[in-house]
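Participant: how would this look folded up:
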Amino acid sequence: MEILYFDTLTYAQGDMYVVASDKGLVYIGTPNASFEEVKEWAEKPFKGYCFEENSEKLLPYKEQLTAYFKKELIEFNLPILVKGTAFQLAVWDALKELPYGTTTTYGNIAQRIGNPKAVRAVGTAIGANPILAIIPCHRVIGKNGQLTGFRSGLAMKQFLLELEKVSID
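Facilitator: The predicted structure follows:
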């Protein structure tokens, strides 16, 4: 049976679960959410895995996230393992191309993946992003320039954008 290793990371917004397999980071949880959130998320992409708390395995991921939250890191260099549909993977790949400190819209992401009419589907795929900050879904805003939905809540989205010094009207 394969193992998903987890630990918690404490930072300005509270505690969040960080989860990795032997192949890379698989999930970053919502701040202050229970471990139930992690278990519910893992049921589909990682069915049959078991969980093991392991600070040592999670240390490299936590170090880079901590450096990012301290504004000491703008580009992550760690292995990730995301599982999703081909459409979700295309959206998440497009998100990874967004430069630090910038924003874009759902429509622009739909254009980037060659499916300009799929704006709502892009939003759904972004909402399913399992790796917050590293796959920077927080950089996607509404076409009117306003903050829009975010799995970890708009306060977290605002925090990440302010961390990167992106101004929102």
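Participant: what separation is there between the closest residue to residue 7 other than its chain neighbours and residue 108?
Facilitator: In this structure, residue 7 finds its nearest non-sequential neighbour in residue 58, 3.9 Å apart by Cβ to Cβ, 6 or more residues apart in numbering. Backbone N, C-alpha and C define where each C-beta goes, glycine included. From residue 58 across to residue 108, the span is 33 Å (Cβ to Cβ, to the nearest Å).
Participant: of the two, which one has the most company?
Facilitator: residue 58 (21 against 16; other Cβ atoms under 10 Å).
Participant: how about the strands in the chain?
Facilitator: Taking DSSP state E as the criterion, the chain carries its strands at 3-11, 14-21, 24-28, 50-53, 104-105, 140-141.
Participant: what packs against the longest one?
Facilitator: Translated: strand 3-11. strand 14-21, helix 35-42, strand 50-53, helix 55-69 (3 or more Cβ pairs under 8 Å, 6 or more residues apart in numbering; DSSP states H and E).
Participant: so which residue is dead centre in this protein?
Facilitator: residue 132 (1.7 Å; Cα atoms, centre = their mean).
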